[in-house]
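>>> here you go, sequence then predicted model.
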Amino acid sequence: MGILFFFFLAENAIMAQFQTKPISAKDSLLKANIRKPIVRSAIIPGWGQITNKKAWKVPLVYGALGTSAYFFIRNVRQFKEARTAYTLAADGDTSNDNQIIQPYYSVKNQPERIRVFRNQVRQNVDYSVLFFILSWGLNVMDAAVDAHLKSFDVSDDLSLQIKAGYFPAAKTNGIGIVLNIK
């Protein structure tokens, strides 16, 4: 829930920077059309992509989130197993060594190796949480970019030409690339 609140505050702060002039009815409608996919995507991943009519991206969003969630669950399970094995191996009581599961049983006499592995897996748990949050953030960012570019002109009236010209700042002649947008 804290992540959603963070995205909401960040989006409001970004939108507040662009409000330097009075907002017309058209600008207000455009702002509402841009804000809707952002908020929807922050609430439910993929909802912003569906709002932007880019439903083909939804499997990519859930693939990224699902993969990082899978690795989180797997790493948490490995961490718990390694923590238990380390506790049993380091207590000095050989009567409970039969409770240590494989692959830790083979190194039960070396609890330091189990501890190092446990710490590495703990770090992987942290990384998988970070990747999940980044995937969610990229989902929101993708919805925002698509919403902003929805009104972008890609008509055939765009042209790129190479023209000779004079550059007053440098006081030289030269060749430049001119993009005519009509």
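Received, thanks.
>>> which parts of the longest helix seen in the chain are buried?
As assigned by DSSP state H, the longest helix anywhere in the chain is helix 111-149. Buried residues in helix 111-149, defined by neighbour count with 16 or more other Cβ atoms under 10 Å: 111, 114-115, 117-118, 121-122, 124-125, 128-129, 131-132, 135-137, 139-140, 142-144, 146-147. To be clear about C-beta, it is placed using only N, CA and C from the backbone, and glycine gets the same treatment.
>>> what pLDDT, on average, does it get?
When pLDDT is averaged along helix 111-149, the result is 93.
>>> quick one: the strands in this structure?
For the chain, strands defined by DSSP state E occupy the ranges 159-167, 172-180.
>>> CSV for the ones you listed, including distance to residue 74, mean pLDDT and mean neighbour count?
Shown next, in CSV, are those (distance: least, Cβ to Cβ, whole Å; pLDDT from 0 to 100; neighbours: other Cβ atoms under 10 Å):
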stretch, distance to residue 74, mean pLDDT, mean neighbour count
strand 159-167, 50, 79, 9
strand 172-180, 50, 80, 9
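>>> so who does residue 71 touch?
Contact analysis of residue 71 by Cβ atoms under 8 Å, 6 or more residues apart in numbering lists 124, 128, 131.
>>> number of residues surrounding residue 70?
When counting by other Cβ atoms under 10 Å, one arrives at 11 neighbours for residue 70.
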